Structure formats: structure tokens, C-alpha cells
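1. 3D, please:
(3 chains)
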Amino acid sequence: MSPAGHRLGDLAERFSLELRGDADARVVGVATLARAHATQLSFLANPLYRRGLETSQAGAIVLRDTDANAWRGHALVARDPYVAFARIAALFETRGERTPGVHPSAVVEVGASIDPGAHVGPLTTIGAGSRIEAGAVIGPGCVIGEDCSVGAGSVLVARVTLVGRVRVGRRVLIHPGAVLGADGFGLANDAGHWIKVPQLGGVQIGDDCEIGANTTIDRGALDDTVLEEDVRLDNQIQIGHNVFIGAHTAIAGCVAVAGSAKIGRHCLIGGAAGIAGHIEIVDRVTVTAMSFVSSSITVPGEYSSAIPVQESRIWRRNAARLRRLDATTRDRGKRGD
Amino acid sequence: MSPAGHRLGDLAERFSLELRGDADARVVGVATLARAHATQLSFLANPLYRRGLETSQAGAIVLRDTDANAWRGHALVARDPYVAFARIAALFETRGERTPGVHPSAVVEVGASIDPGAHVGPLTTIGAGSRIEAGAVIGPGCVIGEDCSVGAGSVLVARVTLVGRVRVGRRVLIHPGAVLGADGFGLANDAGHWIKVPQLGGVQIGDDCEIGANTTIDRGALDDTVLEEDVRLDNQIQIGHNVFIGAHTAIAGCVAVAGSAKIGRHCLIGGAAGIAGHIEIVDRVTVTAMSFVSSSITVPGEYSSAIPVQESRIWRRNAARLRRLDATTRDRGKRGD
Amino acid sequence: MSPAGHRLGDLAERFSLELRGDADARVVGVATLARAHATQLSFLANPLYRRGLETSQAGAIVLRDTDANAWRGHALVARDPYVAFARIAALFETRGERTPGVHPSAVVEVGASIDPGAHVGPLTTIGAGSRIEAGAVIGPGCVIGEDCSVGAGSVLVARVTLVGRVRVGRRVLIHPGAVLGADGFGLANDAGHWIKVPQLGGVQIGDDCEIGANTTIDRGALDDTVLEEDVRLDNQIQIGHNVFIGAHTAIAGCVAVAGSAKIGRHCLIGGAAGIAGHIEIVDRVTVTAMSFVSSSITVPGEYSSAIPVQESRIWRRNAARLRRLDATTRDRGKRGD
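-> The predicted model follows:
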């Protein structure tokens, strides 16, 4: 970003948007409709917030053609304002540039291979047989175990752990606290005692994936756990061993996916949902928040099972009825109601 | 704490309690009713455990006036014995004192500002533009990114990450594994591919907050994610971008709060509950464990939606009836039952 | 493992299996039925996958007597093929051997005691008064606080935190990101403000336990939080203060166990289930995934309360009926339906 920000005319041209207003006007930052100053760019994607146009002080707004007449200032008209705004806002992101090289406090084991164009931050360890490609950034406090690889342009923000046999593709972004490649939960019961089933597989993360903070992705038992490209995982998600997640699927925070589940492409899984093990979900399935998928889903569509709250005194009575629902229904049947 | 512990008379005076017994008797530690020795102080807050008075060997007990007659030993009578005990027990806490200064193994970037009265532990990194105030303790293995601040007297126990633009108030306690300021989960869909929406906001944590182990609080997309003062978060909680949590609200473990939710003051959120995004909960709302708040709550009170377990063979039948409940009810309506 | 792998005859003898085939044939690795090459060993435990025998290229298969006739190649016949396979697969596990000694980048405080036969990895800190026994492995990036102990043969893979007063038994395996001994969530409310209740207890982990990635186990308030021997915890589990978990119990990922709950021996808790505080579950109880145990369970058996998903448009109607279930039932009663 130049000190003087960006010309609206340049933004319109670069992102193929229609400019309504002064091509020479400049914006130096981005903000919400409510907070944007006269030098900042904002956006309107959801018509619900259209009233915000009336009072916004923004220097320019990215919006739809159908909303443009309600705005008196400079506008960048987009077919999809949220996508256009996301692209423009990226120009204003200042993720501290990391210079190539290995910080002197990092511990790199013999046999690790680090491209001269990669950055390895302070207090990070890189294990034997692991490879860090050009342009990759391994932030402070990461632990990269043995036999891992991090592809070109990927960023491990800080305190990420790749335990072993983890292959991370290109342009992947992994947030702090994420643990990839820990043992799956494999146990065999031998007369009441647990025998650990060795977890010998790895983890494959496709290009352009994003993995949230404190999310865990276990290594496979024998084969690998796999995320295809452009899979987006929010924070605190648990992905069990040998799970397969198809390309372009997005999963919100706190979802639990049990071992060997297969999730299709272009799926959306809502927050805190649960997916049982050894089931299969086809492409283009949406599961809403806090729902439980206990068996395979074979038809695209939207699926739910969460119950919204009520006042507790009312809910308790409803829950009590539910717990007798089968018995009451059968009684009623017998009585001929 | 003096080697000889505390005189009961001194405790009574310091905490404005009524002493029944020997003012010169001393206690050197605290313990439960069942385990306390003759030199230890215990407490009775919940009348359900009153029978514990009969057999307790405690040297003294903090209890209510109405329970005092059931106890033959020294007593400190309190209006609220749990609060009084909490305050007294703090005298016996020996959180290892941390001497001011920066451990030689810590990595402090140029441009970070650390008060001479702050402690920075081993193997911690402090990024450019970050400020650590007097009396703050940054424990071992923490990663403080760029442009963060930690207020006077705050403690980051160990392995805490502040990613960037995180402002932590005074006397805040943050437990290991917590990640504050990671990117929110902002995605725009462009013809089936995800475009990352830059996350440019920060995180504000008010004075006297507590953040549990492995809890995550994302930075805002444009504005900040905000916790007012005296907010208490247990472990493994996920707080999405641009969430606002009012003062004196306490949230139990494993709760998921989706982006832009607003939670009022003096709320209590039970464990593993889910709060949907873009909704608002007024002050003084209680949500019980494992409940799902999918829309705004405008009236103070207690809300629930969790179902207690039954024997599986019974539950399966009830769940099956539930999944047909609308169809059956409509059929019955048609038949005129 | 010798370079040439293992003779089938040796495996049969060592693990008391019946060999059907060539005792001198060798296997050099393990794999699934579908992927195993002619030099690899596979297994068939679940009869559902029996058809995999028809096409498998495996060099040998561990299976039940009743499945052996369907397989034309070498077989190791076992009463419990999964247990037998787990034991054999362990021979092929190459968890990088860790040489005894303390890495020069580790920070060991005065007063810590580390057995010469223990391994302390890079960038790890060991606090005063802590003890690491012979054969224990403390991986990279761990933080061991004060007054902790790690028993002989235990492995903290990487980035594990033991905050303080944590006693880990022998042969315990703890995965990255786990936090043991953080403060429990103890609060007393004093006229709307929270008073922290000091957390002075510790954590006891019995022999042969396994603790998953990013799992948290809080220290007790006064007494200890306790796991007996052979307890198996998956990832992202939250164990509150003063919880007690009996021997041989296994808990799947994302389960939340609130403070002072007591779980018996040989229990199985499914993923993302919730266990309320101060309740007791007897031995040999199974709780299925995403279920909520809100009160004590006194009879062994299987318990559930999760609802499987339906198409959202159908589910919404059913949920709406459920939320009126008590009112409708009472109305029907009045009308004499």
C-alpha cells in the first residue's frame, strides 16, 4: 500500500468494478459502514444493513447496483460486494513481512531441509527429514516433527505443531495452537485393558486450506487423513484419523468429526456440529450448527437437529414429555385416541 | 503467609467476620471438610454438605450463622461463606513469585517495550510495538505478536499466544494454550472457491478478566472483539470475531460463541452451550449447559434446550417419534383425534 | 524391526496365533486390506469388511477362524484380530528414539531433578521442584511448571504444559497442546463481582493413561483431580477440577466433564458428550456421542440423548412441535382426546 492509499479508479480497474464517483479520490483503509471515515472504504453486502448508507461517513462504498441509488457518495458497484471487498481489503492487510532465513534461536535438526527463501521464526524446532519450501513462514514457537513438509507460500502463524508425516500444501494458513498429525484415538480392548493401536499414517493438507486456532487433525491409523484443496476449518475443530474432507468445504468452530468419516466437496458444516465416524456425506450438504450427523447423507441439501432454547421452566416440561413420547404415543394408540 | 500461618482473630478482623472460638488459634492451610486437619481451615457454603460438620477434623470452619450451632470447633461466621473462604484461601496461594526482568532465553524484538517491573519468562517472544506494563508476568513459552499490550499486574501463565492487536487490561489472568487475536473465520464464496476476508480488527480484554486454558478469542474483521471488565471464561471456549461480552459475565467450558454475537452483563452461560452469530442476549440471562441460543434473547431469565440422557433403547424410540412429530400431529389433526 | 521385517512364524509364536501358510514368509510393514502390498501385513476385524479379502494383495492377514476360509493367502488366525494386529503393528512403529540427556536449549530451573536416563527436548522448560524419571521423554516446546513429576517411560510428545502440582504416572502418553493443572473454574459472586476461588489442588494421572491433543485437565480446588490407571482421553476434552475418572475408561474427543463429576471404571463416553458437575456415573456405563448426562447414573448400561439430523425443513417443524409439546399435550388432555 502506498502511503497515500489507493485511487478509486485503480481499484475499479484492478477488480473489474463499476466506479460511480471520482476516479481520483483515494482511500487509505477499510472500516464498517458505521465507523468508516471519509478516507476509508466500506461495503454493503447484506441488504438488511442498507439503512447504514444513510448515515455512513465512508469515503467510498462497495455495493450492489440495486443499493447504489441509496448512497450519495463514491461507489464501487459489484455483482458480489462481499467478494470484491474481501479482495480490496487484502491490499490493506499488513501481515508483518517475514524476511527469509532461520532465526538463531530456532533448533533445526540435522537432515531438515529449509529453502533459503523460507522464514523460520524464533524458538521453533524443525525435525529430521522435514522440508520447508520457498516463501513458507514458520512463525515463533512452532514444532515441526520428523518427515513433514510445508509447501511454498504457506504460513504457520505461531505455536503450530506438525507431529510427524504431515504434508502441508501451498498457500496454506495455519493458526496458533493447531496440532496436525497427533495419534488418532485407536484402541483395542483386551479383557478390560486397552491396547494402543499404533497410528502409522500421516496427514495431507491440500493447497489453499486454512486451519483455525487450536484445531486438531489426527494422523491416520494406516492410510492418511486427507483434506483436499481449499478446505477451510475454523477454531477448535477436531478431525479424527482417516477422515477425508473434499475440496471447498468449510467447517465452523468446535465441530467434532469422528474417525474415517468422509465429507464431500462444497459442504458447509455449522458450529459445534458432530459427525459420527465411518459415515459418508455427499457433496453440497449443509449441516446447521449443533446438529448431529449419525449416519450417511446421500442427498445434497440442508440438515439439522439442534433445538433452540426456551425459558427453562417451559423447556423442562417439554423435555420431560419428550422422554415419555414413545410410551405416551403407544398408550394413546392402545386406547384408540 | 508467616511460617506459623494466620491467627483466627486476625482473619476475622481482616475480612469482617464474626469469630466464635479462640482468637489466638492459628491455621496454616485450607482443605475440604472431609480432609482438613486440626491446623487447617475449611468452609461450609452449601447446606447439603452440613453433615460434614459432624466428622470434620478442621481447625476452624467458615460457615453461616445458621450452621454454626452444628459445629463444635472454632468458627468464622460469614454472610457468604464461599466468598469469605475464597478471600482467605488466597492468603495461602503460593503462585511462585516472579522476579522482574527478562529471561535471557526470551526473544524480544526491537521496538517492544517492557516495563522494568515486568517479568518475561524463558523461551517467550515479544513482537515489535508490543508493550508489557509494570508487574505483568509473561510466563514461559508465550508468543506475543506485534502491536499488543499487557496491562499492569496481568499474568499470562505459560504458552499463551497474543497474535496481534490484542489489548489486555490490568489484573487479567490467562491460562496456557489460550490464543487471542487469531484471524476470525471470514470467507466469501466466489463461484465455489473461498476468498479470505482479511481480518483487520483487534481484541480488547477488560480489567480483571480470566481466560481459560486453550480458549480462543478471534480478532475482529474490521472493528474489535471486546470483553468488558470482570468477564470470566473457562477452558476451551471459542469466541468468534466481533463478539461483545458484557462485564461480569461468566462462561463455562467448551462454549462456542459465533461471530458478532453480543452477550450482556451478568450473564451465566453453561458448559458446551452454543450461541449463534449476529444475535443479542440482554443482561442477566442464564443459559444452561449444552443449550443452543439461535436467536436473540430479550428478557432476562434462564433458558435451556438440552435433553438429559435415557437408556439408549428407550431414547431411540423417543427420538424416532420426535422425528415424525409434525407428521403424526398433522395426521392426528386430520383424523380428528 | 530388522531390515528384512518379521517372519510369520515368529509373529505367530510371539503373539500365540495360529499360522496358516508359510512360516518363512516375511512382512516388512502393515497396511489396510485395500492398500497392502505383497510384503505387508493387514487385518480383518469387522466382518462387514470381509469382501475386502477377495481383492486384497496383502502378504498376510490377521483374521478370525471364521473368516480364514475366505482368504487364499497366508493368515494369522486370532481370537481377537484387532488386538493381535495392534500388538504386531507396534513392532513397525518407529517413534524416533530419543537419546537420554537434556537439550542445550532447554531451560531447567535450579531444584528440578532429571534422571540421566530421561530425555528433555529442545526449547522445553522444567520448573523448580519437578522430577523427570528414567526413560521419560519430554518433547520439544513443553512447559513443566513447579512441583510436577513425570513417571518412568512416559512420553510428552511436544508442547505439553504441566502447570503445577501435576503427577504423571508411568508409561503415560500425552499429546501436543494438552494442558494439565491449569486453575479450575472456581468463582464466588460478591454483589455482582467475581471473586476468584484459589485453586490449590493438583492433578494425578495414573499409569498407562493417554491424553489427547489440546485436552485440558484442571487442577483441583483443594483436593486433586484424579485419573486412575489406563484411562484414555482423546483430543480436545475438558476435565474440570476435582473430577475423578476410574481405571480403563475411554473418552472420545470434545467431551466436556464439569467439576467434581465422578466417572466409574470401564466406561465409554462418546464424542462431544457433556457430563454435568457433581454427579456420579457407576462402572461400565456407555454414553453415546453428543449426549448430555445431567444427573447421576446408577445402573450400568448404555445411555443417549442425541438427535440425528433430518432435512432442515422437516426438522424445523418437528422442533417447533417439541417446543409446544407440553402445552399441546395438556390441551389435548383437557379436551379429552
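
2. Any stretches of the stretch 51-200 of chain A with poor pLDDT?
-> Along the stretch 51-200 of chain A, the parts satisfying pLDDT under 70 run over A:95-96.

3. Just the helices from it, written as ranges.
-> A:52-55, A:65-68, A:81-89 (DSSP state H, counting those that start in this stretch).

4. Show me which residues of the stretch 1-150 of chain A sit near chain C.
-> Counting by Cβ under 8 Å from any Cβ of the partner chain, the residues of the stretch 1-150 of chain A close to chain C are A:105, A:107, A:123, A:125, A:127, A:128, A:141, A:143, A:145, A:146. Every C-beta, even on glycine, is put in place using the N, C-alpha and C of the backbone.

5. Only whichever of these are buried, select them in PyMOL.
-> Isolation of the buried members of the residues of the stretch 1-150 of chain A next to chain C (16 or more other Cβ atoms under 10 Å in any protein chain shown) is achieved in PyMOL through the command below:
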select buried, chain A and resi 105+107+123+125+127+141+143+145+146
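
6. The residues of the stretch 1-150 of chain A next to chain C also near chain B: which ones?
-> A:105, A:123, A:141.

7. now residue A:135: how far from chain C?
-> Applying Cβ to the nearest Cβ, to the nearest Å, the value for residue A:135 to chain C is 24 Å.

8. any idea which of the helices of the stretch 51-200 of chain A is most buried?
-> The highest average neighbour count among those, using mean count of other Cβ atoms under 10 Å in any protein chain shown, belongs to helix A:81-89 at a mean of 23.

9. Between the two ends of stretch A:114-122, how far is it?
-> End-to-end distance of stretch A:114-122 (Cα to Cα, to the nearest Å): 15 Å.

10. That one: which residues count as buried?
-> For stretch A:114-122, by 16+ other Cβ under 10 Å, it's A:114, A:118, A:119, A:120, A:121, A:122.

11. secondary structure class for residue A:315?
-> State at residue A:315, reduced to three classes by DSSP: H, G, I helix; E, B strand; the rest coil: helix.

12. show me the contacts for it.
-> A:309, B:303, B:304, B:305, C:323 (Cβ atoms under 8 Å, 6 or more residues apart in numbering or on different chains).

13. change it to 6 Å
-> By Cβ atoms under 6 Å, 6 or more residues apart in numbering or on different chains, residue A:315 lies in contact with B:304, B:305.

14. pLDDT at it, what is it?
-> In this prediction, residue A:315 carries a pLDDT score of 98.

15. Could you check how far it is from residue C:319?
-> 12 Å (Cβ to Cβ, to the nearest Å).

16. circling back to that earlier point, okay, the buried residues of stretch A:114-122 in JSON lines with distance to residue A:4 next?
-> Formatted as JSON lines, those follow (distance: Cβ to Cβ, whole Å):
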{"residue": "A:114", "distance to residue A:4": "38"}
{"residue": "A:118", "distance to residue A:4": "33"}
{"residue": "A:119", "distance to residue A:4": "29"}
{"residue": "A:120", "distance to residue A:4": "35"}
{"residue": "A:121", "distance to residue A:4": "32"}
{"residue": "A:122", "distance to residue A:4": "34"}
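
17. before we move on, the earlier item: so which of the helices of the stretch 51-200 of chain A gets nearest chain B?
-> helix A:81-89 (4.2 Å; Cβ to the nearest Cβ).

18. send the alpha carbons of the closest one over as CSV?
-> Output in CSV follows, covering the C-alpha atoms of helix A:81-89 (Å, rounded to 0.1, in the frame of the first residue of the first chain):
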residue,chain,number,x,y,z
PRO,A,81,-19.8,-6.8,-2.9
TYR,A,82,-18.5,-9.1,-0.2
VAL,A,83,-16.1,-10.9,-2.6
ALA,A,84,-15.0,-7.6,-4.1
PHE,A,85,-14.5,-6.0,-0.6
ALA,A,86,-12.5,-9.1,0.6
ARG,A,87,-10.1,-8.7,-2.4
ILE,A,88,-9.7,-4.9,-1.9
ALA,A,89,-9.3,-5.2,1.9
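
19. and that helix, is it in reach of chain B?
-> Yes - interface with chain B: helix A:81-89 contributes A:82, A:83, A:86, A:89 (Cβ under 6 Å from any Cβ of the partner chain).

20. who's in contact with that helix?
-> So helix A:81-89 is in contact with A:11, A:15, A:17, A:30, A:43, A:45, A:62-64, A:78, B:188, B:190, B:195, B:197-198, going by Cβ under 6 Å, 6+ apart.

21. could you redo the last one with a cut-off of 7 Å?
-> A:11, A:15, A:17, A:30, A:41, A:43-45, A:62-64, A:76, A:78, B:188, B:190, B:195-198, B:200 (Cβ atoms under 7 Å, 6 or more residues apart in numbering or on different chains).

22. Please apply the same query to stretch A:278-291.
-> The contact list for stretch A:278-291 (Cβ under 7 Å, 6+ apart) reads A:246, A:260-273, A:293, A:295-306, B:274, B:276, B:292, C:309, C:312.

23. how far out from the middle of the chain is that stretch?
-> 16 Å (Cα atoms, centre = their mean, to the nearest Å).

24. measure it end to end?
-> Using Cα to Cα, one end of stretch A:278-291 lies 17 Å from the other.

25. Could you do stretch A:316-334 as well?
-> 27 Å.

26. Tell me the buried residues in it?
-> So for stretch A:316-334, counting by 16+ other Cβ under 10 Å, buried means A:317, A:318, A:319, A:321, A:322, A:323, A:325, A:326, A:328, A:329.

27. Does that stretch reach chain B?
-> Yes - using Cβ under 7 Å from any Cβ of the partner chain, we find that stretch A:316-334 touches chain B at A:316, A:319, A:322, A:323, A:325, A:326, A:329.

28. Throw those residues into JSON lines and include distance to chain C and secondary structure, thanks.
-> Output for the residues of stretch A:316-334 next to chain B, formatted as JSON lines (distance: Cβ to the nearest Cβ, whole Å; DSSP: H, G, I helix; E, B strand; the rest coil):
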{"residue": "A:316", "distance to chain C": "9", "secondary structure": "helix"}
{"residue": "A:319", "distance to chain C": "9", "secondary structure": "helix"}
{"residue": "A:322", "distance to chain C": "6", "secondary structure": "helix"}
{"residue": "A:323", "distance to chain C": "9", "secondary structure": "coil"}
{"residue": "A:325", "distance to chain C": "8", "secondary structure": "helix"}
{"residue": "A:326", "distance to chain C": "13", "secondary structure": "helix"}
{"residue": "A:329", "distance to chain C": "11", "secondary structure": "helix"}
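
29. Taking those, tell me the two that lie furthest apart.
-> Maximum pairwise distance among those (Cβ to Cβ): 20.3 Å, between A:316 and A:329.

30. before we move on, back to that, can I get the buried residues of stretch A:316-334 in TSV with distance to residue B:240?
-> Listed next are these as TSV, based on distance: Cβ to Cβ, whole Å:
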residue	distance to residue B:240
A:317	33
A:318	29
A:319	28
A:321	34
A:322	30
A:323	33
A:325	35
A:326	38
A:328	40
A:329	40
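
31. Nearest to residue B:160 among those residues?
-> Taking Cβ to Cβ as the measure, residue B:160 lies nearest residue A:319 of those, at 39.0 Å.

32. Not counting sequence-adjacent ones, nearest residue to the closest one?
-> Nearest non-adjacent residue to residue A:319, counting by Cβ to Cβ, 6 or more residues apart in numbering or on different chains: residue B:307, 5.4 Å away.
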